[in-house]
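Asks: mind folding the following:
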Amino acid sequence: MPWAMAWRIARRDLNARFKGLRLLLVCIFLGTAALAAIGTLSSAIERELATRGQELLGGDLEVEVWQRDLDESERAALSEYGEISGGTRLQAMASAGEATAPVELKAVDGNYPLYGELTLANGSAVEAPTGNRAWLAQGAIDRLGIEVGDDFQVGTVTLTAAGVISNEPDRLSEGFQLGPTVIVAQDVPVRAGLLAPGSMYQSKYRVAFSQFRDPEAVQGQLTERFPDAGFDYRTRDRASPGADRFVSQMSDFLMLVGLAALVIAGIGIGGGVSSYLDARRSSIATLKVLGATSGDIVKIYTMQIAVASLVGSVAGIAVGVLVTPLLGSALQGLLPVEAGLVIDPAPLLLAAAYGLLVGFSFAATPLLRARSFPAMALMRARVTPLARDRRALMWTGAGLLAICALALLTTSRWMLAAGFLAGAAGALVLLAAIGFAIRYFAARAPRSGNPLLRGALANLYRPGAPTGSLVTALGFGLAAFVLLAAVQSAIDGNIQKRVPQQAPDYFVLDVPRDRVDEFRNLVSERIPEAEIRTVPALRGAILAYGPQERMQRVSELEEIPEDAWPLRGERGLTYADEVPPGNVVTEGEWWSADYSGEPLVSVDEEFAAAVDLKPGDYITIGVLGVERSARVANLRRIDWETMGFNYVLVFSPNTLVDAPHNLAATIELPDGTATGTLLRDLVRQFPSSSVIEVGQVLTEARTILEQVGLATLAAASVAVLAGLAVLLGAIAAARASRSYDTVVLRVLGASRRQVLLMQLAEYGLIALLLAMVALGLGSAMAWFIVTELFEFDWLPDWGQVLAVLGAGLALVLAFALAGSLPLLKAKPARALREL
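Replies: Down below sits the predicted model:
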């Protein structure tokens, strides 16, 4: 049969509304739409990070250091590579009349910005402010209750709000802030009295290379030249490591969700095509009687399936492209993503390839099974079910191998993709084994005295019983429900755990050491019930560690050990006479309150394990350019979940007491305490100190985590929708094969109620047996996503998970009941004539 004739027959037989192939179309649509949206969004963000790295960072290379400015030799070294722009970042308090607000003070020089454009809300492009002019974020304007042109106070300086920031080109690289941005001239922090010795501030210098250079190579040269300077580096290729990491985690998660949706959809495709071809049984047999060969049958129905697959893929790609701007709008401000439509051919073609491959891989088995049998076997398929065609498995296997190869070749984390694919294959094998076991044990179970239960059990193992396909479909469908509930509840649990409900009301930075009594008296006079805790606050870098005779220099490490994050740049340091609250000494002894001997240090046990530190070893730190060494006296377990002062390194007082530094404080207030007067008095009497409202910070943290939860909920819902489609398809396919059984039962005198109860008993038995399997499969995948991808704690709400699983079981029974109702309307005489 020529292809043109085959297409003419296929087109005439193909319903314009794809009746019979809708499940195939829906499954491919869901999987393709998910992959298209995921791929397009990830590609857009990664392209922005790659192409706008200089603008996002503010230079080709950034050098950061705490509590000091770069000296002349360090600035001169940076100038050798190109133009530099320097400045400081620090927390400060702004006030205007009775209003006060914590702000992120960003002092910049006249070269800012080296890349990109700083624009104001009125549309004008501006450079760094001069004199006492300041550019303010809208949040600062709102909290201070001022307008453009009004004055406000920062430290001891009066500034003028000269404009509202619309676009701050390097905003993303600045990281998480504890207040809205206020951009000022470079000398303002000094004039405001905010940079006294020991103050907590960060100096940042950006370099715009005068010629093409490798930023990593320049970083290496500077590290070799200034090994103990305590510099933190960022390059244009990693302008925002936090954003890179978040994008990588979300891309991996979304990839897994897309693949899961396709695997689940594939199962639905197999069932849907089987049901469709079963309904076309008479047409196939008639064509064969009229002389059509098996190859002709394949041509006709392959073209029909191809058209449905293509329509589903195109519709999925279109929806994926249209959804991307909505996702981009939700992420603007958090990640660099273009507004409007983003069309990237590579992820769209990949999504289409996945959809078509999945469609043909899972459709091959029922299609080839129908082509391989003579007309009489096809006509008697209802009463004499077709045997499996082993040759079809070869084509299905080849298609699945192609899908696996495509997944592994198009991902940057092939180990993750390979692990998921192996897990999916294992789950399929497990469900197939469970299906076989159900049939085996149902056939050998004692005969029940209840005829309905006996009939339900017989339906599980009778010839042609769809038990295997039902088990696979229900297993993956119910597992999707468990996955969604476990991931969402685990993220909610982390919000509750990581963002404490009880925390200090205020953190106060840069409290002068010589005025600590005055600070305490001021707070106690205003609010006598307030609880105040103060600790020394310094910044320093770990330069070396290990046994005294063979200490390891950090600058000589080729790679930072895993979990040894305190070795990266400068960290908070403190000293204390007593064990800090919430800490427990696990090895060694704490020093006495009046200790004055060899400098000692207490180390976090997790960090000590990462770098193999033990009591008796030594640590050398650099504080304000001065090296200090201390012997490890003990190891501590730190409760990082408390919103208090937690330090990896706590020194004996005689180690650091002579270094320039200030204090940090926490203030806890009784519930319902009015704080306006206290804040105003703190700003007036301690203008160089910064007050951070913890409630606002916690709200922002909860918002970010809730956004992550919402994103995962929306993404995982795709898998659930695919699971629902598979459940409906499996029940619809089973319904087609049950019409003959139902007619025979009705002829033998069974009532409608008895037929329905028998159907419910059969599905109920399968669903209950699969509930625990689905719980295990869904929980395993959810655990992997939560702990390995997002690096959260595994904190699911099992009550919620079981409730969602119960709802899934109820849906299965509801679908089974709904699918059985049309069978009761079948006319026995007509149905028997069609056999």
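
Asks: any weak-confidence spans in the stretch 1-150 of the chain?
Replies: For the stretch 1-150 of the chain, applying pLDDT under 70 flags the ranges 15-17, 20, 46, 48-51.

Asks: what are the ranges of the helices in it?
Replies: 3-13, 22-51, 53-57, 72-79, 138-144 (DSSP state H, counting those that start in this stretch).

Asks: tell me which of those helices lies nearest to residue 192.
Replies: Put simply, out of the helices of the stretch 1-150 of the chain the one that sits nearest residue 192 is helix 138-144, at 15.5 Å, with distance taken as C-beta to C-beta. C-beta here means a position set from N, CA and C on the backbone, and glycine is covered the same way.

Asks: in that closest one, what's buried?
Replies: Neighbour counts over helix 138-144 (16 or more other C-beta atoms under 10 Å) mark 139, 140, 141, 143, 144 as buried.

Asks: surely the fourth one meets residue 95?
Replies: No - no contact is recorded between residue 143 and residue 95 when judged using C-beta atoms under 8 Å, the distance being 10.4 Å.

Asks: give me the common contacts of these two.
Replies: residue 101 (C-beta atoms under 8 Å, 6 or more residues apart in numbering).

Asks: which residues in the stretch 701-835 of the chain form helices?
Replies: Under DSSP H, counting those that start in this stretch, the stretch 701-835 of the chain gives helices at 752-783, 798-824, 828-833.

Asks: make a markdown table out of those helices and add distance to residue 543, mean neighbour count and mean pLDDT.
Replies: What follows is the helices of the stretch 701-835 of the chain, written out as a markdown table (distance: least, C-beta to C-beta, whole Å; neighbours: other C-beta atoms under 10 Å; pLDDT from 0 to 100):
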| stretch | distance to residue 543 | mean neighbour count | mean pLDDT |
| --- | --- | --- | --- |
| helix 752-783 | 39 | 20 | 82 |
| helix 798-824 | 47 | 17 | 79 |
| helix 828-833 | 86 | 12 | 64 |
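
Asks: could you export these as a markdown table, including distance to residue 619?
Replies: Putting the helices of the stretch 701-835 of the chain into a markdown table (distance: least, C-beta to C-beta, whole Å) gives the following:
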| stretch | distance to residue 619 |
| --- | --- |
| helix 752-783 | 36 |
| helix 798-824 | 43 |
| helix 828-833 | 84 |
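
Asks: of all those, which one is nearest residue 1?
Replies: Using C-beta to C-beta, the nearest of the helices of the stretch 701-835 of the chain to residue 1 is helix 828-833, at 30.2 Å.

Asks: what residues sit buried inside stretch 601-610?
Replies: Along stretch 601-610, the positions that meet the burial threshold by neighbour count (16+ other C-beta under 10 Å) are 601, 602, 603, 604, 605, 606, 607, 608, 610.

Asks: what about the last one, which helix or strand?
Replies: It refers to residue 610. Counting by DSSP states H and E, the secondary-structure element that holds residue 610 is helix 605-611.

Asks: point out the other helices and strands that that helix packs with.
Replies: Of the remaining helices and strands, those touching helix 605-611 by 3 or more C-beta pairs under 8 Å, 6 or more residues apart in numbering; DSSP states H and E are strand 626-638.

Asks: quick one: mean pLDDT for the strand it packs on?
Replies: Computed over strand 626-638, the mean pLDDT rounds to 92.

Asks: could you point out which element follows it?
Replies: On the C-terminal side of strand 626-638, the closest following helix or strand by DSSP H and E is strand 649-651.

Asks: can you give me the buried ones in that next one?
Replies: Under the neighbour-count criterion of 16+ other C-beta under 10 Å, strand 649-651 has 649, 650, 651 buried.

Asks: again with stretch 162-180
Replies: For stretch 162-180, the buried set under the neighbour-count rule, 16+ other C-beta under 10 Å, comprises 162-166, 168-174, 177-180.

Asks: just give me the closest of the residues you listed to residue 595.
Replies: Nearest to residue 595 among the buried residues of stretch 162-180, counting by C-beta to C-beta, is residue 178 at 34.7 Å.

Asks: so what's the closest one closest to, chain neighbours aside?
Replies: Distance criterion C-beta to C-beta, 6 or more residues apart in numbering; nearest residue to residue 178, sequence neighbours excluded, is residue 692 at 5.1 Å.

Asks: and residue 792, by the same measure?
Replies: Skipping the residues right next to it in sequence, residue 792 comes nearest to residue 494 by C-beta to C-beta, 6+ apart, at 4.6 Å.

Asks: correct me, but that neighbour touches residue 793?
Replies: Yes - counting by C-beta under 8 Å, residue 793 is a contact partner of residue 494 at 5.9 Å.

Asks: so which of those two has more stuff around it?
Replies: Set side by side, residue 494 and residue 793 give different neighbour counts by other C-beta atoms under 10 Å, the larger being at residue 494 (19 against 13).

Asks: for the more buried one, pull up the helix or strand it's in.
Replies: When secondary structure is defined by DSSP H and E, residue 494 falls within helix 467-498.

Asks: between helix 798-824 and that helix, find me the angle.
Replies: Put simply, helix 467-498 runs at 150 degrees to helix 798-824, going by axes from the mean of the first three to the mean of the last three C-alpha atoms, to 10 degrees.
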